[in-house]
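Visitor: Here you go, sequence then predicted model.
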Amino acid sequence: MIIALALVLLILLGAPLFAVIAAGAFWNFYQADIDLQAIVIEFYGIAEMPILLAIPLFTFAGYLLSESNAPRRMVRLTSALLGWMPAGLAVVSLVASAFFTAFTGASGVTIIALGAILFPAMQQAGYPEKFNLGLVTTAGSLGLLFAPSLPLILYGVIAEVPIENLFLAGLLPGFLMLVILSGYSIWKNRAIRTPLGDFSWREVRAAMRESMWEIPLPFVVLGGIYSGYFAISEAAAVTALYVLIIDVVVLKEVSMRKLPSIIRESMILVGGIMMILGASRASTNFMIDAGVPQQLLQWISGFVTGEFAFMVMLLIFLLILGAILDIFSAIVLIVPLILPVAVQFGINPVHLGIVFLATMQLGYITPPVGLNLFIAGYRFDRPIVDIYLSTLPFFIFLLFSVVLIAFWPALSLVLL
Amino acid sequence: MTRSATIFSKLEKAGTFAEDAVLLVILVSMILLAGAQIFLRNFFDYSLFWGDEMLRMMVLWLTVAGGLAASRMDKHISIAVLDRFLPDRMQVVTKVFVDLFTAAIGGLFSWHSARFVMASYEFGDTLLGDTPAWLLQIILPIGFGLIAYRHLVFAIKRPFNLAGSPAGSNNSQ
């Protein structure tokens, strides 16, 4: 008990999560008289999961894309396609961000790469500043449910659910979030009737020609996976190789000289996630052996009956969790414990994944640790409180869509 | 003082360079090897028998090297909630404490992975056909040892706030 409290205190003081988790595992194994080498062997298990290859490769590809001019081209293409709508630029910002986040793995890169283009553009177009801040900050994690986002892959790895199914399941819920936020943006800015411009085939063609190297990417990735041509990790390898060749050799938008620092930045994120994954394998297996999921089930069954009540409780729990824990650690640490419980309550593991990620997405804009709040505060040089207040309306609409996603399983499962 | 500081900063530079080099070499070879595997399989119906195992070992190496880089930049995933409310002086104290803790865990992990690698060496485990496994597993004790060293250096440096220390960069999440 004292040890547990000490570990919690260490977490609150900012100790690296991997170290705290490893410390917990060391303590548990020591208590149970198990050779501590077993923890190393669990960590070494990282080298026995072929799917993990996808994580560094997709992350690198996303970071590389964000350093090229791809974000600018993507904004142009989206503007050409959607700019004719009322409040066109707001809709463009949401769609472009969602698309970009799918590839950058919701690591906060979107706000830096796209927000820097979209925020000034929206200011100039006369949208209120508070709305712009909120939109750019919220949009930074909007594409989380779209393939091939990193959290989707990680959930698949941990829950042992086919990642192809998760990719499909995320589509409609992801669109729902986009549509709801776009609807809000159009309604909110109904005073600004001026669209970006008339729809023009010429502009669409020009924008498409400019983006001709990026447009094939989603088709290669998803087409390759669903045609059975290659596995997820191979799709990641193809993406990384393709982006590397296009941006460094063909378009020459990223110089060789910059490559080491891009690799370093992206691998810091990968190392951070995977260290936690490795360390938690030991503690998770220990907890499963100790029957923690069964105890959890028993405890919850004491006051919750039925799928509906369980889902309500799950949402509340995940909202709190998302406010204090980042999405990657939450997946690695919590999913192994709640998955067996949720299945007992009749929830489909794929649906659980979508609900889990959709709720955790709210955590990006929830204090105290919401990553997007800090990145936006840093990037746009505004106090965190301002950023937070500006995201509130978006938070409410996202929460509404999360509730829809949670209680409408067919939305996630109909495409499977 | 100044002289040891120069040696120290040279060591830092060399370390960063080595880390970058390892990350670059492994990631680029990973992309090329994985690409080659797909190409060979689809067009020649052939695959390198050691390829998939090698790729998985590269993931392990990237994990540890990336973790080490995260340590150097003080960018490990963490949830610092309390320390924002503490006065500056106390923040230094808690950070030193946290670094000492991380160093201790890194050291412990390094020690037990050294035992793991020794056992693998004694049993003559092999990977990729007949490559001794310990050659590929050695990243664990080395990497975690360096992580321990890194946080120990932080713990010593922070109170003095010497140049080059990333103190105050608690923007990690």
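Guide: Structure received. Residues are numbered from 1 along each chain as shown, chains lettered A, B, ... in the order given.

Visitor: helix/strand/coil for the residue nearest to the spatial centre of chain B?
Guide: Chain B has B:L68 as the residue nearest its centroid, 2.5 Å off, counting by Cα atoms, centre = their mean. Per DSSP: H, G, I helix; E, B strand; the rest coil, the local secondary structure of B:L68 is helix.

Visitor: Just give the number of residues close to the closest residue to chain A within chain B.
Guide: For chain B, the residue closest to chain A is B:G66, as judged by Cβ to the nearest Cβ, at 2.2 Å. For the C-beta atoms, the positions are set from N, CA and C on the backbone; glycine is no exception. When neighbours are defined as other Cβ atoms under 10 Å in any protein chain shown, B:G66 has 30 of them.

Visitor: just the one 3 residues further on next, same as before
Guide: B:A69 has 25 neighbours, counted by other Cβ under 10 Å.

Visitor: cool, and B:A65?
Guide: Neighbourhood size, B:A65 [other Cβ under 10 Å]: 28.

Visitor: Which strands or helices does the strand or helix carrying it pack on?
Guide: Using DSSP states H and E, B:A65 falls within helix B:51-72. Helix B:51-72 sits against helix A:54-67, helix A:259-289, helix B:2-44, helix B:133-137, helix B:139-160, with contacts defined as 3 or more Cβ pairs under 8 Å, 6 or more residues apart in numbering or on different chains; DSSP states H and E.

Visitor: so the residue nearest to the centre of chain B touches B:Y149, yeah?
Guide: No - between B:L68 and B:Y149 there is no contact under Cβ atoms under 8 Å: 9.7 Å.

Visitor: so where is chain B shaky, pLDDT-wise?
Guide: Residue ranges of chain B with pLDDT under 70: B:1-3, B:83, B:161-173.

Visitor: switch to 80 and redo it
Guide: Within chain B, the ranges that satisfy pLDDT under 80 run B:1-5, B:8, B:79-85, B:160-173.

Visitor: Which residue does the stretch 101-250 of chain A have closest to chain B?
Guide: Here the stretch 101-250 of chain A gets closest to chain B at one residue, A:A237, 3.4 Å apart by Cβ to the nearest Cβ.

Visitor: Identify the residues contacting that residue.
Guide: Going by Cβ atoms under 8 Å, 6 or more residues apart in numbering or on different chains, A:A237 touches A:L53, A:L57, B:M30, B:I31, B:A34, B:G35, B:Q37, B:I38.

Visitor: Wait, the first one touches A:A236, no?
Guide: Read that as A:L53. Yes - A:L53 is in contact with A:A236 according to Cβ under 8 Å; the separation is 6.5 Å.

Visitor: Counting neighbours, what do you get for the residue lying closest to B:M54 once chain neighbours are set aside?
Guide: Leaving out its chain neighbours, the residue that sits closest to B:M54 by Cβ to Cβ, 6 or more residues apart in numbering or on different chains is B:L128, at 5.8 Å. Counted by other Cβ under 10 Å, the residues lying close to B:L128 total 17.

Visitor: cool, and A:I327?
Guide: Residues near A:I327, counting by other Cβ under 10 Å: 28.

Visitor: which residues do A:L53 and A:A236 both contact?
Guide: Contact with both A:L53 and A:A236 is made by residues B:A34, according to Cβ under 8 Å, 6+ apart.

Visitor: Get me the contact residues on the stretch 151-300 of chain A for chain B.
Guide: By Cβ under 8 Å from any Cβ of the partner chain, the residues of the stretch 151-300 of chain A that approach chain B are A:229-230, A:233-234, A:236-238, A:240-241, A:244, A:259-261, A:263-264, A:267-276, A:278.

Visitor: Give me the buried subset of the residues you listed.
Guide: Taking 16 or more other Cβ atoms under 10 Å in any protein chain shown as the criterion, what is buried in those is A:230, A:233-234, A:236-238, A:240-241, A:244, A:259, A:263-264, A:267-276, A:278.

Visitor: so A:L319 touches A:M360, yeah?
Guide: No - assessed by Cβ under 8 Å, A:L319 is found out of contact with A:M360, at 9.2 Å.

Visitor: where's the nearest residue to A:G197 once chain neighbours are set aside relative to A:A125, distance?
Guide: Sequence neighbours aside, A:G83 is the residue nearest to A:G197 in space, at 5.6 Å (criterion: Cβ to Cβ, 6+ apart). Counting by Cβ to Cβ, to the nearest Å, the gap from A:G83 to A:A125 is 11 Å.

Visitor: out of those two, which sits in the more crowded spot?
Guide: Between A:G83 and A:A125, counted using other Cβ under 10 Å, A:G83 has the larger neighbour count: 20 against 16.

Visitor: Just to check, the more buried one is in contact with A:V204?
Guide: No - applying Cβ under 8 Å as the test, A:G83 and A:V204 come out as separate, 10.1 Å apart.

Visitor: Surely A:V220 touches A:A236?
Guide: No - between A:V220 and A:A236 there is no contact under Cβ under 8 Å: 11.3 Å.

Visitor: show me the contacts for residue 111.
Guide: Chain wasn't specified; assuming chain A. Taking Cβ under 8 Å, 6+ apart, we find A:I111 in contact with A:V136, A:T137, A:A139, A:G140, A:N372, A:I375, A:A376, A:R379.

Visitor: that answer is for a different chain, and I need it for chain B
Guide: Each residue near B:W111 by Cβ under 8 Å, 6+ apart is listed here: B:P141.

Visitor: looking at this, it is in a helix?
Guide: Yes - the assignment for B:W111 by three-state DSSP puts it in a helix.

Visitor: B:P141 versus that one, what's the distance?
Guide: Per Cβ to Cβ, B:W111 is found 8 Å from B:P141.

Visitor: A:I192 too?
Guide: Distance, A:I192 to B:P141, using Cβ to Cβ: 61 Å.

Visitor: higher neighbour count, these two?
Guide: Neighbour count, other Cβ under 10 Å: between A:I192 and B:P141, B:P141 has more, with 22 against 17.

Visitor: For chain A, give me the ranges with low pLDDT.
Guide: A:1, A:104-109, A:191-198, A:228, A:367-369, A:371.

Visitor: Looking at it, which residue is nearest chain B?
Guide: Proximity of chain A to chain B (Cβ to the nearest Cβ) peaks at A:G271, 2.2 Å away.

Visitor: How about the contacts made by that residue?
Guide: By Cβ under 8 Å, 6+ apart, the contact list for A:G271 reads B:L62, B:T63, B:V64, B:A65, B:G66, B:G67, B:L68, B:A69, B:A70.

Visitor: Tell me how many other residues crowd the third one.
Guide: When neighbours are defined as other Cβ under 10 Å, B:V64 has 25 of them.
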